[in-house]
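Peer 1: got a structure for you, letters missing:
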């Protein structure tokens, strides 16, 4: 059974009003995927919609952890969309798909010297177990056909290669490294192909 929109509501924030929609297999799902849309000043959705596919990171998004740059990426994306309009797809794929419990175990392995990829594989998982089919399905349901994608992750770009949704350009999102996440960011760049900078 494919996910469907179960509820939606307007959420006022310091960055303006967002229309938040919850997508899940059933109405009683405890962890639905979310679509947050901020319309541009005109009140009409742009023909080409700015989109950020953001995988849940409780430690970074909610608690402000400096072990990653996830929370800062989410905040910066929201700021960009408050100015220009856009959609954030908040996918419940904590820890690159391994869940919060395994993510905390991976942190302990990283503290012992493993990098973010080795820590996942040492726990019996792939380096990245996320899927972006759900994101494409939600965009289809919203009637969005053309996007500019805020990302540094080539896998998110590849997800749109089948042409069901037209990807016009990648918008880089540059976050200044901290001493706590410098190794993490270098690993993403060197081993996972992330584009950490303004270059397309």
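Peer 2: Okay, I see it. Because the structure is a prediction, the values reported are computed rather than measured. Numbers count the residues shown, from 1 in each chain.
Peer 1: tell me, what residue is most central in this structure?
Peer 2: residue 54 (1.0 Å; CA atoms, centre = their mean).
Peer 1: ok so that residue is a strand residue?
Peer 2: Yes - checked against DSSP: H, G, I helix; E, B strand; the rest coil, residue 54 lies within a strand.
Peer 1: what are the bridge partners for it, then?
Peer 2: residue 90 (DSSP bridges).
Peer 1: show me where pLDDT drops low in the chain?
Peer 2: Applying pLDDT under 70 to the chain picks out residues 1, 177-200.
Peer 1: quick one: the helices in it?
Peer 2: 70-84, 94-97, 99-111, 116-122, 133-141, 154-158, 182-192 (DSSP state H).
Peer 1: Tell me which of those helices lies nearest to residue 8.
Peer 2: For the helices of the chain, the distance to residue 8 is smallest for helix 133-141, at 11.2 Å, taking CB to CB. Every residue, glycine included, has its C-beta placed from N, CA and C.
Peer 1: Give me the residues contacting the closest one.
Peer 2: 2-5, 23, 33, 35, 51, 53, 87, 89, 91, 147, 159-160, 164-165 (CB atoms under 8 Å, 6 or more residues apart in numbering).
Peer 1: Quick check: buried residues in that helix?
Peer 2: Across helix 133-141, burial judged by 16 or more other CB atoms under 10 Å covers 134, 135, 136, 137, 138, 139.
Peer 1: which one among these gets closest to residue 152?
Peer 2: Ranked by distance to residue 152 (CB to CB), these are led by residue 135 at 15.9 Å.
Peer 1: Pull the contacting residues for the residue nearest to the centre of the chain.
Peer 2: By CB under 8 Å, 6+ apart, the residues touching residue 54 are 61, 70, 73, 74, 77, 88, 89, 90, 91.
Peer 1: Let me have these in JSON lines, extended by neighbour count and distance to residue 16.
Peer 2: Below are the contacts of residue 54 laid out as JSON lines (neighbours: other CB atoms under 10 Å; distance: CB to CB, whole Å):
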{"residue": "61", "neighbour count": "20", "distance to residue 16": "19"}
{"residue": "70", "neighbour count": "19", "distance to residue 16": "22"}
{"residue": "73", "neighbour count": "21", "distance to residue 16": "19"}
{"residue": "74", "neighbour count": "20", "distance to residue 16": "16"}
{"residue": "77", "neighbour count": "23", "distance to residue 16": "14"}
{"residue": "88", "neighbour count": "22", "distance to residue 16": "13"}
{"residue": "89", "neighbour count": "23", "distance to residue 16": "18"}
{"residue": "90", "neighbour count": "21", "distance to residue 16": "17"}
{"residue": "91", "neighbour count": "20", "distance to residue 16": "23"}
